[in-house]
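# Give me coordinates for this.
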Amino acid sequence: MNLRKRLKGNQELHAGALNDILFILLFFFLIVSTLANPNVIKLSTPKAKSDTKAKQTVIVNIKMTGEYIINGKSIALEQMRDFIQPYIMKDSLQATIAINADKTVPLDNVVAVMRIARDLGARTTLLVDNKVQ
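Residues are numbered from 1 along each chain as shown. Below you'll find the predicted structure:
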């Protein structure tokens with residue numbers, strides 16, 4: 001019979017490489033998240049020489065068919081005030097509605113959004129393409 005005690009060593013998990021892998025994954029997701037564009041709706045915007053940078057509370061996309069899209073949801077003009085109002089109340093001092101309209105959209109559609117913004121007490125900006133030809 002073998003009555004000798006066997007030498008048992010402590011088993012360790014080496015996690016040195018785990019820190020490196022997590023660090024690389026963190027950088028990867030940070031870079032990918034900055035490349036993601038929230039405006040996935042393709043519109044041909046008007047051209048301008050200057051570019052205005054403002055903190056946008058709400059972005060209203062107006063397609064050439066007259067369809068209003070806010071946060072990926074198609075909204076009728078009559079319902080827009082009720083849909084935008086909670087976003088404006090969160091940031092009431094600096095609330096800005098950015099209008100992203102196709103250049104073929106009638107001006108009446110853009111002005112309707114501007115009137116709603118004025119009634120809610122928000123500023124408006126028009127998103128334009130700064131590549132002038």
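# Show me what the helix or strand containing I24 is in contact with.
In the assignment (DSSP states H and E), I24 maps to helix 16-35. Around helix 16-35, nothing counts as a contact under Cβ atoms under 8 Å, 6 or more residues apart in numbering. (Each C-beta comes from the backbone N, C-alpha and C, glycine too.)
# elements contacting the following helix or strand past it?
Moving toward the C-terminus from helix 16-35, the next helix or strand (DSSP H and E) is strand 58-62. Contacts defined by 3 or more Cβ pairs under 8 Å, 6 or more residues apart in numbering; DSSP states H and E place strand 58-62 against strand 68-70, helix 77-90, strand 96-101, helix 107-120.
# Could you list the residues in contact with the second one?
Helix 77-90 is touched from outside by 57-58, 60, 68, 70, 73, 75, 95, 97, 112-113, 116-117, 119-122, with contacts defined as Cβ under 8 Å, 6+ apart.
# and it, how far out from the chain's middle?
Distance of helix 77-90 from its chain centroid, counting by Cα atoms, centre = their mean, to the nearest Å, is 17 Å.
# Only the buried residues of that helix, if you could.
M80, F83, I84, Y87, I88 (16 or more other Cβ atoms under 10 Å).
# the inter-axis angle of that helix versus helix 107-120?
On the basis of axes from the mean of the first three to the mean of the last three Cα atoms, to 10 degrees, helix 77-90 is oriented at 40 degrees to helix 107-120.
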